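**Q** With the input below, show me the fold.
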Amino acid sequence: MRWRVVLVVVLVLVAAGWVGLAVATGGGTDPLAFRQAVAKTAQGGLTAVRTAHLAGQAQLDGRMFDTTLSPILDNAVEGVATAQQELAGTPAPGAPELAIRDQLSRLLDDAARTIGTLVAAVDRNDGAAARSAVAALGPLGDRLDDFARGHQP
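**A** As a prediction, the model looks like this:
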């Protein structure tokens, strides 16, 4: 079960490397294409967070088996990692867009960390840590939703 924790850590490190590479080599892109990519990426992260939140809450309420929860959380981890990679591969055309990308990057990092915490808690059968992670996913999803709504192309 620790392999999932290792997977989360590896995916976060890969995404951080992609962000660093994108910042170092960013030559700019079309502002509309950037806004579209940001909106798509934010929506992908939001979907992963909401999915993990709902699945984690169902598990805590006794409405989901571990065998069902595990692949759902794995998909949420992959969803956030994919969103991070997409964002890292989208250079910002200017300083205002760079600030937007950085804001979304922080939200996605929080998502990866929080979903990883939930995965680790479930693996350890740590109900208190799982409740804490699920509780954190709700407001994080709201912040991602606000971001996505505020940055529609």
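
**Q** What helix or strand is the residue most central in space within the chain located in?
**A** By Cα atoms, centre = their mean, the chain has its centre lying nearest to residue 80, at 3.4 Å. In this structure, residue 80 sits in helix 66-88 according to DSSP states H and E.

**Q** quick one: the helices in this protein?
**A** 2-25, 31-60, 66-88, 95-124, 127-150 (DSSP state H).

**Q** I'd like the ones you listed as JSON lines, with mean pLDDT appended.
**A** As requested, those are arranged in JSON lines below (pLDDT from 0 to 100):
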{"stretch": "helix 2-25", "mean pLDDT": "58"}
{"stretch": "helix 31-60", "mean pLDDT": "96"}
{"stretch": "helix 66-88", "mean pLDDT": "96"}
{"stretch": "helix 95-124", "mean pLDDT": "97"}
{"stretch": "helix 127-150", "mean pLDDT": "98"}
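
**Q** about what we covered before: how about the contacts made by the residue nearest to the centre of the chain?
**A** For residue 80, the contacting residues are 11, 44, 45, 48, 49, 108, 111, 112, 115, by Cβ atoms under 8 Å, 6 or more residues apart in numbering. (Glycine included, C-beta is placed from N, CA and C.)

**Q** Neighbour count and distance to residue 143 for the residues you listed - can I get that in TSV?
**A** TSV is the format used below for these (neighbours: other Cβ atoms under 10 Å; distance: Cβ to Cβ, whole Å):
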residue	neighbour count	distance to residue 143
11	19	21
44	21	15
45	30	10
48	27	14
49	30	9
108	30	11
111	28	10
112	26	14
115	28	14
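
**Q** of the residues you listed, closest to residue 97?
**A** Each of the contacts of residue 80 was scored against residue 97 by Cβ to Cβ, and residue 108 proved nearest at 16.1 Å.

**Q** hang on, the closest one packs against residue 43?
**A** No: with contact taken as Cβ atoms under 8 Å, residue 108 and residue 43 are classed as non-touching, separated by 11.7 Å.

**Q** Number of residues surrounding residue 102?
**A** 14 (other Cβ atoms under 10 Å).

**Q** Please identify which of the contacts of residue 80 is nearest to residue 64.
**A** Of all those, the one with the least separation from residue 64 (Cβ to Cβ) is residue 115, at 15.8 Å.
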